[in-house]
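1. A predicted structure for the sequence below; I have some questions about it.
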Amino acid sequence: MGADLIDQLLSITPGSRLDQIRRHRETARENVQKAYDALFSPTTPAQSPPSNASPSPASWPASTANWG
């Protein structure tokens with residue numbers, strides 16, 4: 001596995017002492033990257049909400065804007 005998110009954020013260089021320590025927890029390292037990829041690099045297009053979903057506040061009439 002190449003550089004992951006944490007390696008990039010902390011500027012960890014391959015072969016450094018910190019890199020060696022992190023490689024002892026390879027599964028944790030892989031899971032951090034998988035979580036990042038799933039959240040910020042989705043492989044499927046975003047799905048639209050079902051037709052019976054509640055409208056978002058942005059689509060509410062202007063008269064409800066001052067309700068509080």
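-> That came through fine. Numbers count the residues shown, from 1 in each chain.
2. ok, L18 - contacts?
-> L10, I12 (CB atoms under 8 Å, 6 or more residues apart in numbering). For glycine as for every other residue, the C-beta is placed from the backbone atoms N, C-alpha and C.
3. and E30, what element?
-> Here E30 sits within helix 26-40, counting by DSSP states H and E.
4. where in the protein is pLDDT low?
-> 1-3, 42-68 (pLDDT under 70).
5. how about the helices in it?
-> When secondary structure is read from DSSP state H, the chain shows helices at 5-10, 17-23, 26-40.
6. hey, C-alpha coordinates of the longest one in CSV?
-> Meaning helix 26-40. Written as CSV, here are the backbone C-alpha positions of helix 26-40 (Å, rounded to 0.1, in the frame of the first residue of the first chain):
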residue,chain,number,x,y,z
GLU,A,26,-1.6,-2.4,8.5
THR,A,27,-5.3,-3.3,9.0
ALA,A,28,-6.0,0.0,10.9
ARG,A,29,-4.0,1.9,8.2
GLU,A,30,-6.1,0.3,5.4
ASN,A,31,-9.4,0.9,7.2
VAL,A,32,-8.6,4.6,7.7
GLN,A,33,-8.0,5.0,3.9
LYS,A,34,-11.1,2.9,3.1
ALA,A,35,-13.3,5.1,5.3
TYR,A,36,-11.8,8.3,3.7
ASP,A,37,-12.4,6.9,0.2
ALA,A,38,-16.0,5.8,1.0
LEU,A,39,-16.8,9.2,2.4
PHE,A,40,-15.0,11.5,0.0
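7. mind listing what's buried along it?
-> Neighbour-count burial for helix 26-40 flags R29, V32, Q33 (criterion: 16 or more other CB atoms under 10 Å).
8. the second one too?
-> For helix 17-23, burial by neighbour count (16+ other CB under 10 Å) applies to R22.
9. got the contact list for stretch 27-45?
-> In contact with stretch 27-45 (CB under 8 Å, 6+ apart) are residues M1, D4, L5, I6, R22, R23.
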